[in-house]
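**Q** Output the structure for:
(2 chains)
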2 protein chains.
Amino acid sequence: MANEKKFRVLIDMDGVLCDWEPTFLKTYKEKWPGRPFIPLEERKEFLVRNDYKNQLGIINPNEVYEKEGWFLNLPPVKGAVEAFEYLNSRDDIEVVICSAPITNYNFCVTEKYQWVEKYLGKKAVSQLMLTKDKTIVRGDLLIDDKPLIKGLDSPSWFHALFTAAHNTWFCDYSSNQRRMDSWDIKWLDEFIADLKTRSKN
Amino acid sequence: MANEKKFRVLIDMDGVLCDWEPTFLKTYKEKWPGRPFIPLEERKEFLVRNDYKNQLGIINPNEVYEKEGWFLNLPPVKGAVEAFEYLNSRDDIEVVICSAPITNYNFCVTEKYQWVEKYLGKKAVSQLMLTKDKTIVRGDLLIDDKPLIKGLDSPSWFHALFTAAHNTWFCDYSSNQRRMDSWDIKWLDEFIADLKTRSKN
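**A** Next up is the predicted model:
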């Protein structure tokens, strides 16, 4: 149907489009060889610096991701670029890239724009939104690796919890939440079809 | 009432919090003394570069606002900082700063964060959202100097058209739009009270 309302997918960057966790650990080990570190399978907290503080008493892992070039040089998550392009190409879908910058924003915010331009193309830059609060953004589906997303509103979107090292333990899903293990287009097709059916009922 | 839903005000930056138009003209004249310019009272288009192209055949006025330091050094609009602090201090109101970066984002995006920190304080940085599309953000009131705000959705907010040099000609208001001439707290109080009453009816 020509005028049917489009299905809006909001996509997070760190841990979803950009391969944050493995790159953090690799860079951390290169920066501080021999220093204690947390293996990926032992990550627990959404914020890596909370894990390093709680588990190891290390308070400066943020030096890794507050450095110039960090955000721009994150490699894409496997299949993320292809999946973004696929969703973007569908006539029945609208895509918004929805990312929360870190508090020390100096390199982060510009590099998030540069990353989108570099990997997803110049046109995709206009699809980028930076916000600390994703609950006030209207959409049908948010793909995000943060287990508990809080903000000013009750979200309008369903939340696909994208698997990342820090959230593998999480299994207490709410009624508008389920896990998404990787960028698998067939799985995504079926998932979106299912969400569309639900919203009609 | 303790649990009453708060009234959410979205506030634009350029032309609303930041004094864009007069600063542009001043900087343009300093950069190109003797070159033709458009007096503030003859501005017509939302984008200054469209006016300069259409009226004067000048294609590079963007050099003024794409330069490092431009966004950070914009002075606040008269009364804007006080009004922001006032709205932020009200228990019944939530404030989100909602700004669309320019296409050449290199200095713009970081400097918007820096501007907010400089004039509105470190805490206000978390209230900043950058997006090209404001229609998908949920709120009760958007204060913005752009006459026609388009995007993926029908907006949830009422639009207060903040007076700026480029929009003085505009008078074809829609039913969810009215003009706001300046940051006048008494006027704003009455306006918000009126919008609250409407949403209850």
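**Q** and chain A, which residues reach chain B?
**A** A:6, A:8, A:94, A:96, A:101, A:103, A:105-106, A:109-110, A:113, A:125-133, A:136-139, A:152-153, A:156 (C-beta under 8 Å from any C-beta of the partner chain). C-beta: built from backbone N, CA, C; applies to glycine.
**Q** Using PyMOL, define a selection of the buried residues within those.
**A** Buried members of those, defined by 16 or more other C-beta atoms under 10 Å in any protein chain shown, are picked up in PyMOL with:
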select buried, chain A and resi 8+94+96+101+105+109+110+113+125+127+128+129+130+131+133+136+137+138+139+153+156
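**Q** So which of the residues of chain A next to chain B are in strands?
**A** A:8, A:94, A:96, A:128-130 (DSSP state E).
**Q** what residues are up against residue A:83?
**A** By C-beta atoms under 8 Å, 6 or more residues apart in numbering or on different chains, the residues touching residue A:83 are A:183, A:185, A:188.
**Q** I meant residue A:86, not that one.
**A** Here residue A:86 is in contact with residue A:185 (C-beta under 8 Å, 6+ apart).
**Q** Secondary structure class of it, three-state.
**A** helix (DSSP: H, G, I helix; E, B strand; the rest coil).
**Q** Residue A:193 versus that one, what's the distance?
**A** 14 Å (C-beta to C-beta, to the nearest Å).
**Q** do the same with residue A:27
**A** 39 Å.
**Q** List of residues touching the biggest helix by length in chain A?
**A** Longest helix in chain A by number of residues, with DSSP state H as the criterion: helix A:185-200. Outside helix A:185-200, the residues within contact range by C-beta under 8 Å, 6+ apart are A:7, A:9, A:79, A:82-83, A:86-87, A:93, A:140-141, A:158, A:160, A:180.
**Q** List the buried residues of the helix or strand bottoming out on mean pLDDT in chain A.
**A** The helix or strand of chain A with the poorest confidence is helix A:185-200; it has a mean of 94 (mean pLDDT, DSSP states H and E). Residues of helix A:185-200 classed as buried: A:188, A:191-192, A:195 (neighbour count, 16+ other C-beta under 10 Å).
**Q** ditto for stretch A:47-54
**A** For stretch A:47-54, by 16+ other C-beta under 10 Å, it's A:48-49, A:51-52.
**Q** So for residue A:4, what's the pLDDT?
**A** On pLDDT, residue A:4 comes in at 77.
**Q** The closest residue to it other than its chain neighbours: neighbouring residues, count only.
**A** In space, and not counting its chain neighbours, residue A:4 is closest to residue A:92: 7.1 Å by C-beta to C-beta, 6 or more residues apart in numbering or on different chains. Applying other C-beta atoms under 10 Å in any protein chain shown, we find 11 residues neighbouring residue A:92.
**Q** same deal with residue A:100?
**A** 22.
**Q** Just give the nearest non-adjacent residue to it, would you?
**A** That would be residue A:132: by C-beta to C-beta, 6+ apart, it lies 5.1 Å from residue A:100.
**Q** Next one: the one you found from residue A:150, what distance?
**A** In terms of C-beta to C-beta, residue A:132 sits 10 Å off from residue A:150.
**Q** Same question for residue A:48.
**A** From residue A:48 across to residue A:150, the span is 19 Å (C-beta to C-beta).
**Q** ditto for residue A:83
**A** 26 Å.
**Q** How about residue A:11?
**A** To residue A:150, residue A:11 is 19 Å away according to C-beta to C-beta.
**Q** So between those two, which is more surrounded?
**A** residue A:11 (25 against 10).
**Q** Please list all residues in contact with that one.
**A** Residue A:11 sits next to A:17, A:84, A:87, A:95-98, A:142-143 when contact means C-beta under 8 Å, 6+ apart.
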